[in-house]
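Q: How does the following fold in three dimensions:
(one chain, ligands or ions: 1)
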Amino acid sequence: MLYHLLYPLHTEFSFLNVFRYITFRTVLSALTALLVSFILGPWLIRKLGDMQIGQQVRDDGPQTHLKKQGTPTMGGTMILFAIGISTLLWSDLKNRYVWFVLMVTIGFGIIGFIDDYLKVVKKNPEGLWPRYKMGGQLVVSAVVAIFLYYQPNYNTTLVFPFFKGLAPDLGWFYIPLVVFIIVGTSNAVNLTDGLDGLAIGPVMTASVTYLLFSYLTGNVKIANYLQIQYVPGVGELAIFCGAMFGASLGFLWFNAYPAQVFMGDVGSLALGGALGTVAVITKQEILLAIVGGIFVMEAFSVIFQVGSFKLRGKRIFKMAPIHHHFELKGWAEPKIIVRFWIISIILALVAISTLKLR
Ligand code: 57M
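A: Numbering: from 1, shown residues only. Sure, this is the predicted structure:
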């Protein structure tokens, strides 16, 4: 909005020309989202506490979690609000990719909100029926996948890092692949969200990495130089990624160990869906397995644990997702969290380095 209001005035006030630059608006977007989180945070935590919107902690998990009983949850509403406001203020609202990402973020956020609401407010431990939860995610991501398929200047090739010649055109198969990536990332982030700051840290590293990829993919000169696919208009997603980074950083202030608030499914499903969508649109979907390696590891720990238990009657980990395994081995919670953050930063650096290895 501010972009549309202020930039046209540059003919009279030349300093307003600066609003043309994606880099400048990205920084402002991150700062705005951070500020919104800081302002909203204390109010929301107080409100959630007053309304007794507190987490029910299961007693079959690590016993150290019992003291977290009643911690306010659904803090993800604040993250979504901060991302929404900031993106609407600083991005070019004529850009369709911005709307596609917002659609998944808000759509998945609503699904998570209903699930949290049923669990925490209506005290229904089942929450939203898995069939409806998954159905909602499939519908929202399929709509966006179909929109993408029909975008002019957007192709359905799948780009492989390290092999610059390998870019098969998937045609219609691109749609189910997009759905799989968006829904898979959303659920993997949800599984990771089980220790204070554990999910939001890697979300931050991933959003900065994809901020960079968006900028590079949307710039014809740099994209040609790096031999990555150029997608016109995708640079504008840097502003969304900046907002996601700023909002997450602001949330971490309150979610840092010992957490004053949890994000709830409203946050984890939405952030995962947003990351998956940005990865698809920037044509760096395969790199998401590296950038979001922590989420992949958490999801596979559950798949292997359940598979092993069903097939062999034996567990691989003391408990899945894998962060519980380390807790039960006696690692202190902050140690697990910070070590997972370190791994996510290393993975982001590896992913960025592939830009020169094509
Ligand atoms: C959500 N939710 C947290 C909070 C957060 C298939 C199975 C592996 C699924 C998995 C599961 O249900 N995962 C999805 C995990 C919960 O946090 C809430 O949920 C939101 C995210 N959706 O925002 O609102 C608890 O996590 C802790 N927490 C923090 N700090 C945070 O910042 O400490 C969350 C955020 C909170 C709090 O304790 O209450 C959760 O873990 O429930 N299931 C599991 O994770 C369970 N694993 C399991 O059953 N493993 C089995 C098999 C089936 C794989 C095995 O290994 O044998 C464990 N989770 C719990 N207890 N709580 C085990 C038992």
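
Q: So which bits of the stretch 251-358 of the chain are right by the ligand?
A: 255, 259, 262-265, 268, 302, 305-306, 315, 319-321, 324 (C-beta under 6 Å from any ligand atom). (Glycine included, C-beta is placed from N, CA and C.)

Q: Most neighbours out of the residues you listed, which is it?
A: Among those, the one with the most neighbours (other C-beta atoms under 10 Å) is residue 263, at 31 neighbours.

Q: so that one makes contact with residue 79?
A: Yes - counting by C-beta atoms under 8 Å, residue 79 is a contact partner of residue 263 at 6.4 Å.

Q: shared neighbours of these two, which are they?
A: Common neighbours of residue 263 and residue 79, using C-beta atoms under 8 Å, 6 or more residues apart in numbering, are 251, 271.

Q: For the ligand, what is the nearest residue in the chain?
A: Nearest residue of the chain to the ligand (C-beta to the nearest ligand atom) works out as residue 61 at 2.6 Å.

Q: Quick check: which ranges of the chain have low pLDDT?
A: Across the chain, the stretches falling below the confidence threshold (pLDDT under 70) are 358.

Q: what's the nearest residue to residue 321 if we skip its chain neighbours?
A: In this structure, residue 321 finds its nearest non-sequential neighbour in residue 298, 4.5 Å apart by C-beta to C-beta, 6 or more residues apart in numbering.

Q: Would you agree residue 235 is in contact with residue 220?
A: No - Residue 235 is beyond contact range of residue 220, at 9.8 Å (criterion: C-beta under 8 Å).

Q: who touches residue 138 in this structure?
A: Contacts of residue 138 were listed using C-beta under 8 Å, 6+ apart, and they are 179, 183.

Q: Whichever strand or helix holds it near the ligand anywhere?
A: Using DSSP states H and E, residue 138 sits within helix 130-149. No - Helix 130-149 lies out of reach of the ligand by C-beta under 6 Å from any ligand atom, never closer than 10.4 Å.

Q: and the following helix or strand past that helix with helix 130-149, angle?
A: Next along the chain after helix 130-149, taking DSSP H and E as the criterion, comes helix 174-192. Orientation of helix 174-192 against helix 130-149 (axes from the mean of the first three to the mean of the last three C-alpha atoms, to 10 degrees) gives an angle of 130 degrees.

Q: same for helix 174-192, what does it pack against?
A: Helix 174-192 sits against helix 130-149, helix 264-281, helix 293-312, with contacts defined as 3 or more C-beta pairs under 8 Å, 6 or more residues apart in numbering; DSSP states H and E.

Q: Please identify the deepest-packed of these.
A: Most buried of these by mean neighbour count (mean count of other C-beta atoms under 10 Å) is helix 264-281; its value is a mean of 30.

Q: rewinding a little: and the residue nearest to residue 321, what does it touch?
A: Counting by C-beta under 8 Å, 6+ apart, residue 298 touches 188, 191-192, 321-323.

Q: switch to 7 Å and redo it
A: 188, 191-192, 321-322 (C-beta atoms under 7 Å, 6 or more residues apart in numbering).

Q: ok, the residues you listed vs residue 69, which is closest?
A: The closest of those to residue 69 turns out to be residue 321 (C-beta to C-beta; 20.0 Å).

Q: Tell me who's in contact with the closest one.
A: Residue 321 is in contact with 191-192, 194, 298, 301-302, counting by C-beta under 7 Å, 6+ apart.

Q: can you check residue 119 too?
A: By C-beta under 7 Å, 6+ apart, the contact list for residue 119 reads 125, 127.

Q: one step back: tell me which of residue 235 and residue 220 has more neighbours.
A: Comparing residue 235 with residue 220 by other C-beta under 10 Å, the one with more neighbours is residue 235, at 24 against 12.

Q: Now the more buried one: closest residue in space, sequence neighbours ignored.
A: Closest residue to residue 235 apart from its sequence neighbours, by C-beta to C-beta, 6+ apart: residue 218 at 2.6 Å.

Q: Tell me, how many residues neighbour the one you found?
A: Per other C-beta under 10 Å, the neighbour tally for residue 218 reads 23.

Q: Same question for the one 4 residues further on.
A: For residue 222, the neighbour count with other C-beta under 10 Å is 15.

Q: what's the helix or strand for residue 99?
A: Per DSSP H and E, residue 99 falls inside helix 96-116.

Q: So which bits of that helix are buried?
A: For helix 96-116, the neighbour count (16 or more other C-beta atoms under 10 Å) marks 96-98, 100-116 as buried.

Q: do the same with stretch 348-356
A: Buried residues in stretch 348-356, counted by 16+ other C-beta under 10 Å: 348, 351-352, 355.

Q: just how off-centre is it within its chain?
A: Centroid separation for stretch 348-356 versus its chain: 19 Å, with C-alpha atoms, centre = their mean, to the nearest Å.

Q: residues making contact with that stretch?
A: The contact list for stretch 348-356 (C-beta under 7 Å, 6+ apart) reads 161-162, 205-206, 209, 212, 226, 228, 287, 290-291.

Q: picking that back up, does the residue of the chain closest to the ligand really touch residue 324, like I thought?
A: Yes - if you go by C-beta atoms under 7 Å, residue 61 and residue 324 touch, sitting 6.4 Å apart.

Q: Can you get me a residue count around the nearest residue to residue 70 once chain neighbours are set aside?
A: What sits nearest to residue 70 in space, not counting adjacent residues and going by C-beta to C-beta, 6+ apart, is residue 54, at 3.8 Å. Residue 54: 17 surrounding residues under other C-beta under 10 Å.
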